[in-house]
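Predicted structure and sequence below. I'll ask about it afterward.
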Amino acid sequence: MADKRWPVLVARRLPAPVMDWLNERCEVTLHEGPEAIPRDRLLRDIAGKVGAITLLTDKVDDEFLDAAGEQLVIVANYAVGFDNIDVPACSARNVLASNTPDVLTETTADLAWSLIMSAARRIAEGDRFLRSRTPWIWGPEMMLGQDVHHKTLGIVGFGRIGHAMARRARGFGMKVIYFDVYRPPPELEEELNVEYRELDDLLMDADFITLHTNLSPETRHLINEERLKRMKPTAVLVNTSRGPVIDEAALAGALDKGDIFAAGLDVFENEPEVHPGLLEAEHAVIIPHLGSATVDTRHAMGMLAAENLVAALEGRMPPTLVNPDVWERRRNRPV
Ligand code: DGY
């Protein structure tokens, strides 16, 4: 067991085995409590640290890096998405940055699939209805939804989670179309039985549209009023990526007017705020950013973030860097 020699910041309590593993190796400054670490405290606590485990709620920018100081080696994000991190700013200062890919792929796809099913078959609405104690009797036209099986699934953003969605769709006998700016090799398209479409064509052809892009200036409001209008009136839109990929006001309007059938949303434009129009929409299934929220996956994410952190401090290449070029530049520098 190593000496407690590395002062590090952990921005929120992680699963117990991860905290134990970190505490054995590092001198941990931990932000306790369920809330995100307040900005002033984050800037104060990062000062003098050699590493940090950050969350998607913590902005890592020039101000953070200034507050940390030149000894900072790595920012290990506890998320696959890293839009909270200014990666070029980290790279400019030779600070490593890492994320937690792979370990949450299947779990996030499971959740996206459950949103497809819930929104299509009005599960949350039915649950609310019974709890309202409204008298009811089975009826031929009561709470009719949309079939999922044998329909067309449109996947926007065809990375790991997009692939996992395509594999699930096969079991439902669905046709799968996808859009991504990067085209995978034809063998992969064949293996996953998917067809490429331009985005606007996909939006017109798909019965279910599921978003799996990262958040960047190019994908902010990718789904806007005009694109919502291209979708079928029976379409279901699901988002487990990042909230700002959808223009929420436009989506609330589309649901209100019945321009699309339903939405299943795990993420929101101004998290933790939810647009009031979505809170009112009966056909919106809304859940609080639970994509990777299972016991096993949160443990795996924590261990991967911790491994990235400690590897960098021990002079080993962290397994999932988002700026591997920095590793080459700093590999021979002692911590
Ligand atoms: C991520 O990892 O980016 C998710 O949003 C949280 O698991």
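Sure, I can see it.

Could you use CA atoms for every contact and neighbour count after this?
Will do.

The residue of the stretch 51-200 of the chain found nearest the ligand - how many residues pack around it?
Distances between the stretch 51-200 of the chain and the ligand by C-alpha to the nearest ligand atom are smallest at residue 79, namely 3.1 Å. When neighbours are defined as other C-alpha atoms under 10 Å, residue 79 has 23 of them.

With residue 42 instead?
For residue 42, using other C-alpha under 10 Å, the count is 22.

Return the residues in contact with it.
If a contact means C-alpha atoms under 8 Å, 6 or more residues apart in numbering, then residue 42 has 11, 64 as its contacts.

you'd agree it is in a strand?
No: secondary structure assignment (DSSP: H, G, I helix; E, B strand; the rest coil) places residue 42 in helix, not in a strand.

what about residue 160, distance to residue 119?
23 Å (C-alpha to C-alpha, to the nearest Å).

Residue 113 too?
10 Å.

Comparing the two, which shows the higher neighbour count?
Between residue 113 and residue 119, counted using other C-alpha under 10 Å, residue 119 has the larger neighbour count: 27 against 20.

Surely that one is in contact with residue 263?
Yes: using C-alpha atoms under 8 Å, residue 119 makes contact with residue 263 at a distance of 6.0 Å.

Retrieve the pLDDT associated with whatever residue of the stretch 201-335 of the chain ends up closest to the ligand.
For the stretch 201-335 of the chain, the residue closest to the ligand is residue 292, as judged by C-alpha to the nearest ligand atom, at 4.5 Å. According to the per-residue confidence, residue 292 scores 98 in pLDDT.

before we move on, the earlier item: remind me which helix or strand the residue of the stretch 51-200 of the chain closest to the ligand belongs to.
Remark: residue 79 resides in no helix or strand, with elements defined by DSSP states H and E.

Residue 253 too?
Residue-wise, residue 253 maps onto helix 248-257 under DSSP H and E.

pLDDT-wise, which helix or strand of this protein ranks last?
Least confident helix or strand, the chain: helix 324-330 with a mean of 93, by mean pLDDT, DSSP states H and E.
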